[in-house]
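Participant: sequence and computational prediction follow.
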Amino acid sequence: MIVMKNVYKKYPNGVVASNGIHIEITKGEFVYVVGPSGAGKSTFIKMMYREEVPTSGTIYFNGTDLTKMRSKDVPFLRRQIGVVFQDFKLLPKLNVYENVAYALEVIEETPSAIRKKVTEVLELVGLTQKARMFPNELSGGEQQRVSIARSIVNSPKLVIADEPTGNLDPDTSWEIMKIFERINAHGTTIVMATHNKEIVDTRRNRVIQIEGGLITRDEYEGEYRYEI
Ligand SMILES: Nc1ncnc2c1ncn2[C@@H]1O[C@H](COP(=O)(O)OP(=O)(O)OP(=O)(O)O)[C@@H](O)[C@H]1O
C-alpha cells in the first residue's frame, strides 16, 4: 500500500526530518509510529498523504508515485486517505452530522448517499444520539469520535492518525483505540503516531520507531520502548 524508498526531507530552515527512510506498509496492517519528540514522526506520516513532499526519494501509494503527483491530483489521493489529528480540527459552526457530511458534500455525493453513509459512520463511532450537537457541546473523546467518523466516511483504504489520544484521558483513549481496531477489522490500514506506551504495549501491533529522521526499529507485535 505504501512504499518509501530512500526518503530524505530537509525543511527550508535546514532541519533534516527524514534521513533516508525505507519502508513498506501492507494493506490491512495496523502500525504504530513511535519515537521521541522531534524525531520526524509527523513528517513521516505527512508525506504519506502528501502534506509534505520529500526533498528526494520516492513514495508510492498503491503504485502511484506521490513525489511526481500533480497538485490537481492531490484531492483525489486525499479521498483515499482519512486523517485524524490530536486536536480534532472540527468545524465549530457545523454540528456533528454536518461535520461528517461535509467531507462528502465537497465531492458532490447525492443527498441520499450522504445520509446513508453519515448515519452508518455515526453509528460505528457511537454518536447517533449526538448528531445535532455542536463541537463545543462535546467532550474531547466525543470530538475525536466525530473526527474519526469524518475520516472514514469516504471509505478510505488508509487512515492516518497523528497522536489521536494525545489530548484524552486514559479511559477515553481506550475507547478511541477500540474504534480504530474496529475500522482496521474492516480491512482499513491504520498508521498511528503515538506516545501512548500503555496502548502500544497492550494492543500489540507493528511498531515503527523513528529517531533522528531514521527508522531505528521495525517489529511486529513490538513494544513501545525507546530511550529518551
Ligand atoms: N514545517 C516545518 N518547518 C521546519 N522544520 C520543521 C517543520 N515541521 C517539522 N520540522 C522539524 O522537523 C523535525 C521533525 O519534526 P516532526 O514534527 O516530524 O517530529 P515528531 O516526531 O512528530 O515530533 P512530536 O512527537 O513532538 O510531534 C523537528 O526538528 C521539527 O522542528
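Facilitator: Here it is on my side, so go on.
Participant: give me the pLDDT value at E227.
Facilitator: Predicted confidence (pLDDT) for E227: 62.
Participant: what's next to the lengthiest helix in the chain, contact-wise?
Facilitator: Taking DSSP state H as the criterion, the chain has its longest helix at helix 170-185. Contact with helix 170-185 is made by 28, 30, 124-126, 139-141, 144-145, 148, 152, 159, 161, 164-165, 168, 190, 192, 196, 198-199, 203, as judged by C-beta atoms under 8 Å, 6 or more residues apart in numbering. C-beta coordinates here come from the backbone N, C-alpha and C atoms, glycine included.
Participant: in this structure, which spans are helices?
Facilitator: 41-48, 74-78, 96-105, 111-124, 140-152, 170-185, 197-202.
Participant: ok, and what's touching the fourth one?
Facilitator: Translated: helix 111-124. Helix 111-124 is contacted from outside by 96-97, 100-101, 104-105, 109, 128, 131, 149, 152-153, 155, 179, 182-183, using C-beta under 8 Å, 6+ apart.
Participant: in those residues, find the pair that's most separated.
Facilitator: Farthest-apart pair in the contacts of helix 111-124 is E105 and R182; separation 25.1 Å (C-beta to C-beta).
Participant: if I pick N99, what's in contact with it?
Facilitator: L90, L91, P135, V146, R150 are the contacts of N99 under C-beta under 8 Å, 6+ apart.
Participant: switch to 7 Å and redo it
Facilitator: Applying C-beta atoms under 7 Å, 6 or more residues apart in numbering, we find N99 in contact with L90, L91, V146, R150.
Participant: closest one to the ligand out of those residues, please.
Facilitator: Relative to the ligand, the closest of those is L90; by C-beta to the nearest ligand atom it sits at 20.4 Å.
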